[in-house]
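J.: for reference, the sequence and a predicted model appear below.
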Amino acid sequence: MSGMEGTRIVMVRHGESMAQERRIVGGHAGCTGLSERGRTQVAALRDRLVRTGELGDDVVLYASLMPRAIETAEILAPALGGPPVLRDCDLCENHPGEGDGITWDEFEARYPYPEGAWDPDHRRVPGGETWNEMKVRVGRGVDGLVERHPGRTVVVATHGGPIVQVMIRFLAIDPSADEKRAWFAPENASITEFRHAVNPYQRTTLDWEMVRFNDHAHISGNGSEAAPRA
């Protein structure tokens, strides 16, 4: 526990992207950055952080390699003390393989979702990533952040998929279990945060507290509403 206490992993989903606006699959090749609304959403978060100071100004700032995440981090950086934007592909959205850059309608027609029981090792798209492969990659990425920056506040400009992967991991949820459960859908420019600290109530749990999920109060009702689901 020494040195780890107080470590904060603050995951920010990117603002609305051009890929969302155009309804195309935004992998490494298909992503062309944020839409105008996306920049407005992230600017609203930046202004909130300046006003509240809730993340402090001694922050380590990361982004995935995808332009929408990098642009999100660059907009936020001035509110976080101006740190450089470090980049890590382990924090990227699911790698869509041959589906990268095509429309979602074409994607669904070309690579239909398989019928039957969900298989986390199924490779839906040639060259794409399975659920379990992404799980391992994102887990490695988060473990690396914690190892490199113990006791620090680490802000990560990332994507909905990695946020969900981290939630499932830290909350010890089995996504393949038969029991029905609610689903997670973080909004654009929202904050999800975990903090490393001893649980005072049950010592058998992980030393991670889920502080907040999908905090997007800064874009509610101010003209930068969340984008439609894509």
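T.: Nice, thanks for sending it over. Numbers count the residues shown, from 1 in each chain.
J.: look through the chain and tell me its longest strand.
T.: strand 208-215 (DSSP state E).
J.: now that one: buried residues?
T.: Across strand 208-215, burial judged by 16 or more other CB atoms under 10 Å covers 208, 213-215. All C-beta spots, glycine's among them, are computed from the backbone N, C-alpha and C.
J.: contacting residues around that strand?
T.: For strand 208-215, contacts defined as CB atoms under 8 Å, 6 or more residues apart in numbering pick out 8, 167, 170-171, 184-187, 190-197, 199.
J.: hang on, the earlier thing: with distance to Glu16 and pLDDT as added columns, please give the buried residues of strand 208-215 in JSON lines.
T.: Below are the buried residues of strand 208-215 laid out as JSON lines (distance: CB to CB, whole Å; pLDDT from 0 to 100):
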{"residue": "Trp208", "distance to Glu16": "29", "pLDDT": "91"}
{"residue": "Phe213", "distance to Glu16": "19", "pLDDT": "97"}
{"residue": "Asn214", "distance to Glu16": "15", "pLDDT": "97"}
{"residue": "Asp215", "distance to Glu16": "17", "pLDDT": "97"}
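J.: related to what we said a few turns ago, I'd like the distance from the longest strand of the chain to the chain centre, please.
T.: Here the centre of strand 208-215 is set off from its chain's centre by 13 Å, with CA atoms, centre = their mean, to the nearest Å.
J.: okay, that strand in PDB with CA atoms only?
T.: The C-alpha trace of strand 208-215 is given here as PDB (Å, rounded to 0.1, in the frame of the first residue of the first chain):
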ATOM      1  CA  TRP A 208      -9.900   0.800  -5.100                       C
ATOM      2  CA  GLU A 209     -12.900   3.000  -4.500                       C
ATOM      3  CA  MET A 210     -15.300   3.900  -7.400                       C
ATOM      4  CA  VAL A 211     -15.600   7.600  -6.800                       C
ATOM      5  CA  ARG A 212     -17.900   8.500  -9.700                       C
ATOM      6  CA  PHE A 213     -19.200   7.200 -13.000                       C
ATOM      7  CA  ASN A 214     -20.500   9.200 -16.100                       C
ATOM      8  CA  ASP A 215     -20.200  12.600 -14.400                       C
END
